[in-house]
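Colleague: When you get a sec, could you give me coordinates for this:
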Amino acid sequence: MGRITDPNGAVTASLPKSVQAAAPHAGRVDSDLSARTIRLWYEMQRRDFQWPYASPDDAPYVEVTASFTEYDFQLATVAGNDPLLLPWVTTGDTDAIRVSVVLARDDTNLNGLLLKAYSATLIDAVSTVEGPLIAVPASNFLPPPGPWRTPDNQFAFARVELIVRDPDLAASGGLIGIGVKAEWQPAYEPADGGAGLEDAPPYIRLASVNAWNKILHITAGPT
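Modeller: Coordinates of the predicted model:
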């Protein structure tokens with residue numbers, strides 16, 4: 001590591017003279033600084049946030065009562081059929097919202113269960129934009145001892161990565177809501193045409209939701 005001052009006390013440059021202002025390679029240093037600034041700009045757009053639910057009694061839930069039917073996750077602490085809408089802010093550069101959810105249920109029968117995330121009007125008026133349905137993997141980890149794992153509750157968790165592409169926003173972004181839907185698509189229907197709910201996962205809860213903005217197509221830097 002070089003010295004900042006020489007033994008006589010005179011200040012010496014921390015950059016070689018070849019890359020100082022008006023030197024032959026100064027442009028290369030400026031270009032590198034510009035690239036780093038642009039990269040930092042886009043990284044700062046991510047805006048992570050997480051909504052954890054410490055207890056199954058407070059967690060949003062969905063009740064499956066039929067196959068091939070979409071159900072909104074509901075607020076556990078609000079009476080009535082109120083869908084979960086998490087407040088979210090996007091910028092004009094956002095062209096996707098990533099949503100990572102941890103799903104919880106009290107057994108491991110998740111066969112045929114799919115989830116999707118969607119953006120909807122919360123404050124700014126926007127059109128509802130839904131992401132693709134993503135299959136829920138088999139429950140793959142247990143929570144530590146606590147409200148989610150007691151002698152009475154033996155929930156298993158599964159993580160599902162969701163995305164909403166091109167949310168309908170104004171040019172400068174906006175204040176929207178993020179929701180999650182579930183759908184059960186069994187591999188077969190019962191011979192009598194019923195829903196086959198003896199095989200359905202009727203009660204599903206969200207242990208946590210994590211979201212962040214994503215820029216999929218970088219076309220220009222900040223102005």
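Colleague: Next, count neighbours for Phe73.
Modeller: 24 (other CB atoms under 10 Å). For the C-beta atoms, the positions are set from N, CA and C on the backbone; glycine is no exception.
Colleague: Let's test this: name the helix or strand in this protein with the lowest mean pLDDT.
Modeller: Every helix and strand of the chain was ranked by mean pLDDT, DSSP states H and E. The lowest is helix 26-44, at a mean of 63.
Colleague: Test my guess that Pro137 contacts Phe157.
Modeller: No: with contacts counted by CB atoms under 8 Å, Pro137 stays clear of Phe157, the gap being 10.6 Å.
Colleague: In terms of neighbours, single out the busier of these two.
Modeller: A count of neighbours by other CB under 10 Å puts Phe157 above the other of Pro137 and Phe157, at 18 against 13.
Colleague: Give me the secondary structure label for the more buried one.
Modeller: Of the three states, Phe157 takes strand under DSSP: H, G, I helix; E, B strand; the rest coil.
Colleague: give the contact list for it.
Modeller: Val102, Leu103, Ala104, Ser139, Asn140, Phe141, Leu142, Pro143, Trp148, Ala207 (CB atoms under 8 Å, 6 or more residues apart in numbering).
Colleague: For it, name its beta-bridge partners.
Modeller: Beta bridges link Phe157 to Ala104, Phe141, judged by DSSP bridges.
Colleague: repeat for Ser208
Modeller: Pro52, Val102.
Colleague: Check which helix or strand Leu115 maps to.
Modeller: Leu115 is located in strand 113-121, with elements delineated by DSSP states H and E.
Colleague: contact partners of that strand?
Modeller: 64, 70, 85, 88, 97, 99, 101, 103, 126, 128-136, 160, 162-164, 167-168, 176-185, 201, 204.
Colleague: again, 7 Å this time
Modeller: 85, 97, 99, 101, 126, 128-136, 160, 162-164, 167, 176-185, 201 (CB atoms under 7 Å, 6 or more residues apart in numbering).
Colleague: Filter those residues down to the ones in strands?
Modeller: Judged by DSSP state E, the subset of the contacts of strand 113-121 located in strands is 97, 99, 101, 129-130, 134-135, 160, 162-164, 176-184.
Colleague: Now which of those residues would you call buried?
Modeller: Those of the ones in strands among the contacts of strand 113-121 that meet the buried threshold are 97, 99, 101, 129, 134, 160, 162-164, 176-184, by 16 or more other CB atoms under 10 Å.
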